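I need the structure of the sequence given here:
(4 chains)
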Number of protein chains: 2
Amino acid sequence: MFRFGYDAVMSSVTSGPEAAARPLRRDAERNRALILDAAREVYAAQGLDAGFDEIARAAGVGVGTVYRRFPERGDLVQALFEQEIDAVVARVQEAAADPDPWRGLGGFLRWGAEAQAADRGLAQVLAAAGKGHERVAAGRDRLRPAVEALVRHAQAAGVLRDDVTEVDIGIALAMISQVGDASRGDLRDRYVTLVLDGLAVRREAPTPLPAAPASEDDLACVVAPARRHR
Amino acid sequence: MFRFGYDAVMSSVTSGPEAAARPLRRDAERNRALILDAAREVYAAQGLDAGFDEIARAAGVGVGTVYRRFPERGDLVQALFEQEIDAVVARVQEAAADPDPWRGLGGFLRWGAEAQAADRGLAQVLAAAGKGHERVAAGRDRLRPAVEALVRHAQAAGVLRDDVTEVDIGIALAMISQVGDASRGDLRDRYVTLVLDGLAVRREAPTPLPAAPASEDDLACVVAPARRHR
DNA sequence: AACGAAGTGGAACAGTCTTTCCGGTTCTGC
DNA sequence: GCAGAACCGGAAAGACTGTTCCACTTCGTT
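Residues are numbered from 1 along each chain as shown, chains lettered A, B, ... in the order given. So this is what the prediction gives:
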């Protein structure tokens, strides 16, 4: 199988009605926090396919504990990335507030590409949000209007072509993020610039590309597969 | 494991010196062909991670037979895609021969994106070629000069910006191919057009995008994960 | 301090997928 | 048509994960 594409991770139905949450015992609460911290790191490094085993080890608890606290993987992912998506929204709003809308858009693309390169889990969650998974629908619904505002501002200023939408921006970002290797920020910027040149209404000449022409070896950075631990 | 990212598939060392190949028995030769045909289909549909089990079943032979004929996965992949890469090279040369270099480049990008969307295995092999895997080095070395010629022609005609190389074209193609869902050729064309607008030396106005503005649901097509059989 | 409920860890179980192995079959040369 | 080598199929072994379960520990309460 696909071990567990975020597809499977995400597809679990949102669990029942909010059971009158009796507070956890103090030790349980502490473990829960340890697990979340560990999961954040492990997911960032390995993506959502990382096993509960690994997270448990990183948190210093038994697997059983992880399963008891987060019966479905989706529970853990959801809890974890609710906050991260907030950070993305905040960054979009900041970009939309930039007095130079073009700079705002470009800055956001650069930031978003880097954020996803640095955090595989985030990249997968954002993709899942695009796919309409229930568990991250809330985050997406906060994200979309923000991007929409960013797009509108840039279009109103006459710098962003009128025939693209906020969805296009999301897809463009996902595409660029495929230029994966986290260590090659210069390469990522190169393709952000290229895509921005495509998004512009018009231009007299190419915007200078930030990185030296990609060498043959740089192809290695593309579509980097999920690297496996160890 | 990663089940078997193409990473693992590809990393096997090229097997010893060409053992004086005694011809196979006739039935063995027939089975070998059956296996290759089956593998082509299975890999196209599921990517290189498909198990030998599945290929054997599709070919109507036992697993043991597959293992005997192709002791390492890399052997099978290599044999299979040697020819497919030839088809890609041919398409590039055709594009480079187009009297309108810009149309040639655009046509190739469109074709390449579709080919990779329709054949997951091909997409993985091309990515592997970029990563410098030994087993597909020969194919890559045939591909690179062809793309280089395509790039040179377009640049000589003054339509393709001078600061991109054949590697950039490969990366751009890989990025676009992430807009995965094979059934959404219109969406893929949309982003090919966007990227082409970025690759152009200059332009007065945006090239009209072929597809209707992507709807929210279309995000689902991005970064489509390896769908698992059944 | 002592009792019960809540929580814990990790061994055991259950799936998958890969790889080996060998009794039986098919081909080829003579 | 026979001998023997080459080849075949698929059961079984091995290597991994994901998940469950329960004897034991810890916590909160009285």
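
Now do the same for whichever residue of chain A sits closest to DNA strand C: its pLDDT.
Chain A approaches DNA strand C most closely through A:Gly64 (1.9 Å), counting by C-beta to the nearest atom of the strand. All C-beta spots, glycine's among them, are computed from the backbone N, C-alpha and C. Note on A:Gly64: pLDDT of 97.

So it lies in a strand, does it not?
No - per DSSP: H, G, I helix; E, B strand; the rest coil, A:Gly64 lies outside any strand segment and is helix.

Please report how far it lies from A:Phe70.
A:Gly64 sits 12 Å away from A:Phe70, going by C-beta to C-beta, to the nearest Å.

Compare neighbour counts for the two and give me the winner.
Higher neighbour count among A:Gly64 and A:Phe70: A:Phe70, with 21 against 10, using other C-beta atoms under 10 Å in any protein chain shown.

from memory the more buried one sits against A:Leu80, does it?
No - under the criterion of C-beta atoms under 8 Å, A:Phe70 makes no contact with A:Leu80, lying 9.6 Å away.

what's the first-to-last distance across stretch A:181-188?
9 Å (C-alpha to C-alpha, to the nearest Å).

Pull the contacting residues for the residue lying farthest from the centre of chain A.
Within chain A, the residue lying farthest from the chain centre (C-alpha atoms, centre = their mean) is A:Glu204, at 33.5 Å. By C-beta atoms under 8 Å, 6 or more residues apart in numbering or on different chains, A:Glu204 lies in contact with B:Arg202.

A:Trp111 is in what secondary structure piece?
Per DSSP states H and E: A:Trp111 is located in helix A:101-118.

Does DNA strand D have contacts with the very next helix or strand once past that helix?
Counting by DSSP H and E, the next helix or strand C-terminal to helix A:101-118 is helix A:120-130. No - Helix A:120-130 is not in contact with DNA strand D by C-beta under 7 Å from any atom of the strand; minimum separation 14.2 Å.

angle of helix A:120-130 against helix A:101-118?
120 degrees (axes from the mean of the first three to the mean of the last three C-alpha atoms, to 10 degrees).

Got the domain ranges for chain A?
Using automatic domain parsing, the domains assigned to chain A come out as A:6-10+A:26-74, A:77-221.

quick one: the longest one to chain centroid distance?
Right, the one you point to is domain A:77-221. 10 Å (C-alpha atoms, centre = their mean, to the nearest Å).

can you give me the helices in chain A?
A:6-11, A:26-46, A:52-59, A:63-69, A:73-96, A:101-118, A:120-130, A:137-156, A:166-177, A:185-199 (DSSP state H).

do you know which of those lies nearest B:Val136?
For those, the distance to B:Val136 is smallest for helix A:185-199, at 21.5 Å, taking C-beta to C-beta.

That closest one versus helix B:166-177: what angle between them?
Helix A:185-199 runs at 70 degrees relative to helix B:166-177, counting by the same axes, to 10 degrees.

what's the residue nearest to A:Gly158 when sequence neighbours are not counted sitting at in phi/psi?
With sequence-adjacent residues excluded and distances taken as C-beta to C-beta, 6 or more residues apart in numbering or on different chains, A:Gly158 is closest to A:Val201, at 6.3 Å. Listed backbone geometry of A:Val201 is phi -60, psi -50, with angles given as degrees, to the nearest 10.

Identify the residues contacting A:Val201.
Contacts for A:Val201 (C-beta under 8 Å, 6+ apart) come out as A:Gly158, A:Val159, A:Leu160, A:Arg161, A:Asp162, B:Ala205, B:Pro206.

from what I can see A:Ile85 touches A:Arg142, true?
Yes - using C-beta under 8 Å, A:Ile85 is in contact with A:Arg142, at 6.8 Å.

who's more crowded, the two?
A direct count of neighbours by other C-beta under 10 Å for A:Ile85 and A:Arg142 places A:Ile85 higher, at 19 against 16.

and the closest residue to the more buried one other than its chain neighbours, how many residues sit next to it?
Spatially, and ignoring its direct neighbours in sequence, A:Ile85 is nearest to A:Gly139 (3.6 Å; C-beta to C-beta, 6+ apart). For A:Gly139, the tally of surrounding residues (other C-beta under 10 Å) stands at 23.

So A:Gly139 sits against A:Glu82, correct?
Yes - counting by C-beta under 8 Å, A:Glu82 is a contact partner of A:Gly139 at 6.5 Å.

Quick check: the gap between A:Ala149 and B:Leu160.
Distance from A:Ala149 to B:Leu160, by C-beta to C-beta: 34 Å.
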